[in-house]
Structure formats: structure tokens, C-alpha cells
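Enquirer: Starting from these lines, generate the structure:
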Amino acid sequence: MTKLIVEDRIDRPVKDVFNTIVSPEGLSSFFTAEASAPMIPGTTVTWRFGHVDATFEVRIGEIETDRLISWSWPGGDVAITLADADGATRLTITEQPMGDGVEGAAHAVGQTQGWTYFVCGLRAHLLHGIRHFGLSDAIRATVEA
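Expert: Presented below is the predicted three-dimensional model:
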């Protein structure tokens, strides 16, 4: 099964990164326009993305405080692992499946854009207090065979 992995480091403690991602207030400060509820294992939450006028039902999977956040949504299954890196946080985002061939490559390109925005927005929010530095609804990446 093809999977996408995006890794980065954020100069904030793991606790801060974890709490920002799992809380509706935190998540909607940098990623979603709105999150209906906190991420609690086994629940379904609604995330709204205003820049593309889209709403997704998200089934929350396993959550381990300060270590793991997982969910399933229309794009696939996502796991975010967090690890302490000398007071900073090492963040690894894995999403699968990506699919095969050109369609799988195109899906991976699009998801890479989204997860890069996620990490950059999270960093901007945690380090500088910036809320939603802006994602255009016109950004596109394509894969052609």
C-alpha cells in the first residue's frame, strides 16, 4: 500500500503541539475554518474548510496524549506521531492509501500540498501567533503521464 509521509520539526514542546491539534480552538486557528468538537477516540467530528467550501466527517481513531493522533476521512487514514526533540517536537504525518499509477501520484501531490500547509500553519500559529496565513482556492498541482 502506497503511503505519504511528511516530516518536520517545530520549536515548541510536544504538549503544545498535541493540544493545538486535538482541540477545536487550536485546529481552527491554523488548519480548518471550524472543528465541531475535540478529537476523542471513537467519535466523529466535522471539519469545515472555508477556502474550498468543503465539509468533511472525520472519524477519530487512536489518540495517545503527546504521542499519537489518528483519524480517517475521505482522503484516507492519517496518523500524526509526535516525539520530543530536545524541547522541540518532531512531527511525522502519514496518510494512506495514495493509490497506484498516475491517480495515486496525483493524490499524493495534492495531499503533500495540504500537509505542507498544515505544518507551516501550525508553526506560524505556535511560534508567531498567526492565524490562517492564507491558502488560496486557486492553488493547483497536477501530475501528467
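Enquirer: Please count neighbours and contacts with C-alpha atoms only from this point.
Expert: OK.
Enquirer: Quick one: distance of the helix ranked longest in the chain to the chain centre.
Expert: If you go by DSSP state H, the chain has its longest helix at helix 101-128. The chain centre lies 7 Å from the centre of helix 101-128; the measure is C-alpha atoms, centre = their mean, to the nearest Å.
Enquirer: Return the list of helices and strands in contact with that helix.
Expert: Other helices and strands packing on helix 101-128, by 3 or more C-alpha pairs under 8 Å, 6 or more residues apart in numbering; DSSP states H and E, are strand 4-10, helix 24-30.
Enquirer: which regions of this protein sit below the pLDDT cut-off?
Expert: Within the chain, the ranges that satisfy pLDDT under 70 run 133-143, 145.
Enquirer: Mean neighbour count, the helices and strands packed on helix 101-128: which tops it?
Expert: Among those, ranked by average contacts under mean count of other C-alpha atoms under 10 Å, first place goes to helix 24-30 (a mean of 22).
Enquirer: Which strand or helix spans the nearest residue to L27 once chain neighbours are set aside?
Expert: Of all residues not flanking L27 in the chain, I21 sits nearest, at 5.1 Å (C-alpha to C-alpha, 6 or more residues apart in numbering). In this structure, I21 sits in helix 14-22 according to DSSP states H and E.
Enquirer: Which positions in that helix come out as buried?
Expert: Buried residues in helix 14-22, counted by 16 or more other C-alpha atoms under 10 Å: 14-15, 17-22.
Enquirer: relative to helix 101-128, how tilted is it?
Expert: With axes from the mean of the first three to the mean of the last three C-alpha atoms, to 10 degrees applied, the angle from helix 14-22 to helix 101-128 works out at 120 degrees.
Enquirer: Quick check: G50 touching A33?
Expert: Yes - using C-alpha atoms under 8 Å, G50 is in contact with A33, at 5.5 Å.
Enquirer: which of those two has more neighbours?
Expert: Shown here are G50 and A33; by other C-alpha atoms under 10 Å, A33 has more neighbours (19 against 13).
Enquirer: Skipping adjacent residues, who's closest to that one in space?
Expert: Closest residue to A33 apart from its sequence neighbours, by C-alpha to C-alpha, 6+ apart: F49 at 5.1 Å.
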